[in-house]
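Asks: Next comes the sequence, and after it the predicted model I'd like to discuss.
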Amino acid sequence: GLALALTGSNIQAQVGSWRMDRGSGQTVRDSAQGHHGVFGTTDAVEAADPTWSTSGITGKGLQFGGDDCVTVPDHPKLRLVGDMTICASVYIDAFHRNEWIRIVGKNSGKSETDRNYGLWYHPDQPFLFQIYGVGNRGHANASATLTGKIMPGRWYSLVGVRKGKSVALYVNGTHEGSAN
């Protein structure tokens, strides 16, 4: 299961909250501002769709594998700048690929590598929270990482915080790393 929430100081309110626990359908509802997402990359059933599971935090959740994703259409309110908080609860059942996997993130809309922010994991690395450069040029200007390895078969509560030029990552309520 995966629950996501975004807040940004440029909006002074929550800009998105996707609980991902409905248990049916091809969409994920945003209870904050109506930025609903679709399974995969289109409204149609496709190979990139996650599947509903009964093993979420509150009973139901989404299970992602391979290239599964939920796509939320681009919107200016989701292009966070300034102070922000990004939260996600994630259960990693196993490592499916030996590469960085995005848990949640925002592209600028121009290309896959032109990014704004993201929470990531890698089988051989700690969790990562990144904020990319002003103007979305694809250059990371800060990151914070967990000091230990990620263990499959556990739930993780991740919170990435940007305040001013400082970035911090909290894992299960513990401050695990910061950068300026």
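Replies: Yep, it's here.

Asks: so N107 touches G118, yeah?
Replies: No: N107 lies out of contact with G118 (Cβ atoms under 8 Å); the separation is 9.0 Å. C-beta: built from backbone N, CA, C; applies to glycine.

Asks: Kindly state the pLDDT recorded for S24?
Replies: The score at S24 is 91. That number is its pLDDT.

Asks: Make residue 1 into 12 and carry on from there
Replies: Okay, residue one is now 12; in that scheme the one you just asked about reads as S35.

Asks: What about it? Give its phi and psi, please.
Replies: Phi and psi for S35, reported as degrees, to the nearest 10, are phi -160, psi 160.

Asks: what's around the residue lying closest to it once chain neighbours are set aside, how many residues?
Replies: Counting by Cβ to Cβ, 6 or more residues apart in numbering, W63 is the residue found nearest to S35 once chain neighbours are left out, at 6.3 Å. Neighbours of W63 under the rule other Cβ atoms under 10 Å: 18.

Asks: likewise T96?
Replies: T96 has 18 nearby residues by other Cβ under 10 Å.

Asks: quick one: secondary structure of it?
Replies: Recorded secondary structure, T96: strand (DSSP: H, G, I helix; E, B strand; the rest coil).

Asks: so what's it bridging to?
Replies: On the basis of DSSP bridges, T96 is bridged to T18, V172.

Asks: In this structure it contacts V178, no?
Replies: No: applying Cβ under 8 Å, one finds T96 not in contact with V178, separated by 11.0 Å.

Asks: Spit out the residues that contact those two alike.
Replies: Common neighbours of T96 and V178, counting by Cβ atoms under 8 Å, 6 or more residues apart in numbering, are 171-172.
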